[in-house]
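Q: quick check, what structure comes out for this input:
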Amino acid sequence: MPLSRFQALRKYLNTLILGQPVLTENLLIALVANGHLLVEGPPGLAKTRAVKALCDGVEGDFHRIQFTPDLLPADLTGTDIYRAQTGTFEFESGPIFHNLILADEINRAPAKVQSALLEAMAEGQVTVGKKSYKLPKFFLVMATQNPLENEGTYPLPEAQLDRFLMHLNLDYPDAQTERLILKLSRNEALQGELPSVEPIAQADIFEARTEALELYLAEPLEQYIVDIIMATREGHKYSEELGNWLDYGVSPRASQALERCARARAWLDGRDFVSPEDIQAVAPNVLRHRLLLSFRAQAEGVSADAVIDHILSQVAVP
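A: Below is the predicted model of the structure:
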């Protein structure tokens, strides 16, 4: 039964990643929902450590790519190499051909590099010249953004942000957790090794995804998802504030992501049905990066999270 394996993996991640329960939970949700994560937060919050720990807990290989302004698409996808011995060109695959990818500081790379990554995320392939190459069936990207520095960055356009299943905002841990991190770091340095967990086979991951899609979702809850999405497009029907705060609503990708993430959360909790709480819990991470706020909302200091909270308070729960 894959669920017990995932519960062991959750425990393993929470043992190694202290003070970031949002990150560890949503890594597993993304794994089961078959989507990619955009993580925003200050440096030093264990983003790289979390992906490496996830890689240790699943059957697959990991690669970290540091995005910089001089990065080229070929540095990501690979390129055709001329072989003098045969007189022909041969494709040399790039670092994108791994199961788990950490795209560190994605907003530091120019648009062509971002587009190459987003093609890989959306279509499961990369294109070099006139040929396309399939990526591994098990493929997950966690991209990071540093909110502290904007100089020399290339912000992702809204249409490209839509390709990410979820957008997480991380913050610093509290004082008590900070002390636990010091103790954990000290113990790891003294022992010289980390705890281990039996990796989950890729076949079990695919089985978990199928089981999550087969969970019972009542028709009123399906309508609830649609109502939340429609509230972002027709905000004036729900409240005057909502109509003034939003320029554009979210796309149909958002409704699909909301359903898949709610199903994954319910499955990870060991239930065979989706509840309204599942939908409400994943809604902020699914919608945060897809909303286009109006100038009025920005001038009033209204955040995307505040808009989502308002939507959830206005849409009737079945």
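
Q: okay, CA-based contacts and neighbour counts for the rest of this
A: Fine.

Q: and the spatially most distant residue from the centre of the chain, helix, strand or coil?
A: Ranked by distance from the centre of the chain (C-alpha atoms, centre = their mean), the top residue is Q85, with 43.3 Å. Under DSSP: H, G, I helix; E, B strand; the rest coil, the three-state class of Q85 is coil.

Q: next: E90.
A: strand.

Q: tally up the residues packed near it, please.
A: 12 (other C-alpha atoms under 10 Å).

Q: that one against A84, yeah?
A: No. Applying C-alpha atoms under 8 Å as the test, E90 and A84 come out as separate, 10.5 Å apart.

Q: the residue farthest from the centre of the chain and S4: what is the separation?
A: 52 Å (C-alpha to C-alpha, to the nearest Å).

Q: just V315 next, same as before
A: Counting by C-alpha to C-alpha - V315 and S4 are separated by 35 Å.

Q: what score does L140 have for pLDDT?
A: pLDDT for L140: 93.

Q: so what's the closest residue to it other than its chain neighbours bridging to?
A: Once flanking residues are discounted, L140 sits nearest to L100: 5.0 Å by C-alpha to C-alpha, 6 or more residues apart in numbering. On the basis of DSSP bridges, L100 is bridged to F62, L140.

Q: which ones are touching L100?
A: The neighbours of L100, taking C-alpha atoms under 8 Å, 6 or more residues apart in numbering as the test, are 51, 55, 60-63, 139-142.

Q: is it fair to say S255 lies in a helix?
A: Yes. When three-state DSSP is applied, S255 is found to be in a helix.

Q: and it, how far from P21?
A: Taken as C-alpha to C-alpha, the span from S255 to P21 is 24 Å.

Q: more neighbours, these two?
A: S255 (21 against 14).

Q: where does pLDDT dip in the stretch 51-200 of the chain?
A: 148-152 (pLDDT under 70).

Q: need the nearest residue in space to F164, chain neighbours excluded.
A: Closest to F164 by C-alpha to C-alpha, 6+ apart is H36, at 5.2 Å.

Q: same deal with A116?
A: P73 (6.2 Å).

Q: test my guess that that neighbour contacts V113.
A: Yes. Counting by C-alpha under 8 Å, V113 is a contact partner of P73 at 4.6 Å.

Q: so the two - more neighbours on which side?
A: Neighbour tally, P73 and V113, criterion other C-alpha under 10 Å: the higher count belongs to V113, 24 against 19.

Q: mind telling me what element that one is part of?
A: According to DSSP states H and E, V113 maps onto helix 111-123.

Q: what's the first helix or strand after that helix?
A: In N-to-C order, the element after helix 111-123 by DSSP H and E is strand 125-128.

Q: which outside residues touch the very next helix or strand once past that following strand?
A: Using DSSP H and E, the helix or strand that follows strand 125-128 in sequence is strand 131-134. With contact meaning C-alpha under 8 Å, 6+ apart, strand 131-134 is reached by 124-127.

Q: and the furthest pair within the residues you listed?
A: Largest separation among the contacts of strand 131-134 by C-alpha to C-alpha: G124 and T127, giving 10.4 Å.

Q: tell me which stretches of the stretch 151-300 of the chain form helices.
A: Taking DSSP state H, counting those that start in this stretch to define them, one finds helices in the stretch 151-300 of the chain at 158-161, 175-191, 202-213, 219-233, 240-245, 252-268, 276-287, 295-299.

Q: so what are the domain limits for the protein?
A: According to automatic domain parsing, the chain comprises the domains 2-184, 215-314.

Q: switch those domains over to TSV; also include distance to P195.
A: Formatted as TSV, the domains of the chain follow (distance: least, C-alpha to C-alpha, whole Å):
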stretch	distance to P195
domain 2-184	8
domain 215-314	22
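
Q: looking at the ones you listed, which is nearest to A201?
A: domain 2-184 (5.1 Å).
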